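Trainee: what's the 3D shape of this:
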Amino acid sequence: MQTLKKFPLELIVWIGSLLYLAGIDPNSEHMSLCVFNWLGFVWCPGCGLGHSISFFLHGEFLQSWNAHVLGGFGLMVLMHRILQLLRLEYLRYQLKFNVN
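Mentor: Below you'll find the predicted structure:
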């Protein structure tokens with residue numbers, strides 16, 4: 001029985017998310033995925049994080065800091081996770097095709 005290759009969905013989601021944040025104008029309003037916002041709460045600990053990462057990717061570091069203090073750190077965490085997933089996919093490729 002042939003096994004199906006695991007689709008790297010998490011890798012695609014993280015790369016797509018960073019490409020989206022790099023492509024938007026961080027000064028404009030955009031769709032919010034905040035559940036707290038949808039429920040009518042005024043404050044959320046994560047609100048501004050997407051704007052912060054977007055500002056950071058555009059080189060606007062002061063605006064990034066003002067939008068959310070953890071934006072730069074969040075970007076580093078996401079980049080680290082992307083690199084982990086890419087490495088894992090590379091190792092799977094090596095095992096599958098016995099590439100040395």
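Trainee: averaged pLDDT, stretch 62-69. What do you get?
Mentor: What stretch 62-69 shows for mean pLDDT is 96.
Trainee: cool, and stretch 34-53?
Mentor: Rounded mean pLDDT across stretch 34-53 is 87.
Trainee: just how off-centre is the longest helix seen in the chain within its chain?
Mentor: Once the chain is assigned using DSSP state H, the helix that runs over the most residues is helix 71-97. Distance, stretch centre to chain centre, for helix 71-97: 12 Å (C-alpha atoms, centre = their mean, to the nearest Å).
Trainee: what does stretch 19-33 give?
Mentor: The answer for stretch 19-33 is 12 Å, by C-alpha atoms, centre = their mean.
Trainee: on that earlier part again, report the buried residues of the longest helix of the chain.
Mentor: 71-72, 74-75, 78, 82, 85 (16 or more other C-beta atoms under 10 Å). Glycine gets a C-beta too; all of them are placed from N, C-alpha and C.
Trainee: what helices or strands is that helix leaning on?
Mentor: Under the contact definition 3 or more C-beta pairs under 8 Å, 6 or more residues apart in numbering; DSSP states H and E, helix 71-97 sits against helix 9-23, helix 49-57, helix 61-67.
Trainee: for residue 33, which of these is the nearest?
Mentor: Taking C-beta to C-beta, helix 49-57 is the member of the helices and strands packed on helix 71-97 nearest to residue 33, at 8.2 Å.
Trainee: was I right to think residue 70 contacts residue 49?
Mentor: Yes. Taking contacts as C-beta atoms under 8 Å, residue 70 lies within contact range of residue 49: 6.7 Å.
Trainee: of the two, which one has the most company?
Mentor: Counted by other C-beta atoms under 10 Å, residue 70 and residue 49 do not tie: residue 49 has more neighbours, with 20 against 17.
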